[in-house]
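Q: Turn this into a structure:
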Amino acid sequence: MRNRLHPERPLKFLQPLINRGLRDLRTRLGSLRAASPELFRLVMGAAFMLFKGSSDEAPPNAAPGTPGHVGWHELHAGDGPAAFGFYSGLFGWTADRAMDMGEMGVYQLFAAGGPAIGGMMTKMPDVPAPNWLYYFNVDAVEPAMERVKQGGGQVLNGPMEVPGPMWIAQCIDPQGAMFAMVGAKK
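A: Residues are numbered from 1 along each chain as shown. Modelled structure (predicted):
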């Protein structure tokens, strides 16, 4: 299969995405090359990146639950249902279980050809902007929370049990970036 980010056809694949509501944050659209990350923003406001490495070989996938790898992808969207429509059309994601979270709205799980890999919902009014939150796998959440604090970060929420059964904690690193962790409790 030919690389969609091939240098001879740098932006032809982008036009359908732009037509569906994607806005390029770069000032020029004409400089996309293989091995260059390009950052885009949805009309709903959350940023994401399309990236093509310098090789046509995909890196090997880590086994599910491997510590240090992303284990869950969560979108707090400006409009959850519209965001799901966009991403399902873009990446072929399918709807998994939808969970009614009461006042927080519907948390729509999504899959990419197997078990659910993430969830999305309309962001709460007090969340300043739409955003993606990545949950990194850890062996155990409670000891990882202590390492966050010892390293100068903050734990915002957790440990909290989620379906799986798994435990999560949401944190801020010493530079102010938000991230989360998922794993066993102890």
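Q: which residue is nearest the centroid of the protein?
A: Among the residues of the chain, His73 comes closest to the average C-alpha position under Cα atoms, centre = their mean, at 4.0 Å.
Q: what about the residue lying closest to it once chain neighbours are set aside, how many neighbours?
A: If the residues on either side of it in the chain are set aside, His73 comes closest to Gly118, at 3.3 Å by Cβ to Cβ, 6 or more residues apart in numbering. For glycine as for every other residue, the C-beta is placed from the backbone atoms N, C-alpha and C. Using other Cβ atoms under 10 Å, Gly118 has 22 other residues around it.
Q: what do you get for the one 3 residues further on?
A: Residue neighbour count, defined by other Cβ under 10 Å, stands at 21 for Met121.
Q: Bridged to it, which residues?
A: Applying DSSP bridges to Met121 gives these bridge partners: His76.
Q: I'd guessed it sits against Met104; true?
A: Yes. Taking Cβ atoms under 8 Å as the definition, Met121 is a contact partner of Met104 at 6.9 Å.
Q: show me what contacts the residue nearest to His73?
A: Under the criterion of Cβ atoms under 8 Å, 6 or more residues apart in numbering, the contact list for Gly118 reads 72-75, 109-110.
Q: again, 10 Å this time
A: If you count contacts by Cβ atoms under 10 Å, 6 or more residues apart in numbering, Gly118 has them with 70-75, 87, 93, 96, 108-112, 132-135.
Q: Tell me which helix or strand comes right after the helix or strand it falls within.
A: Counting by DSSP states H and E, the secondary-structure element that holds Gly118 is strand 116-122. Using DSSP H and E, the helix or strand that follows strand 116-122 in sequence is strand 131-140.
Q: tell me the angle that next one makes with strand 116-122.
A: Between strand 131-140 and strand 116-122, the angle formed by their directions is 140 degrees, by axes from the mean of the first three to the mean of the last three Cα atoms, to 10 degrees.
Q: Off-centre distance for the helix or strand that strand 131-140 is followed by?
A: Per DSSP H and E, the first helix or strand lying C-terminal to strand 131-140 is helix 141-150. How far helix 141-150 lies from its chain's middle: 22 Å, per Cα atoms, centre = their mean, to the nearest Å.
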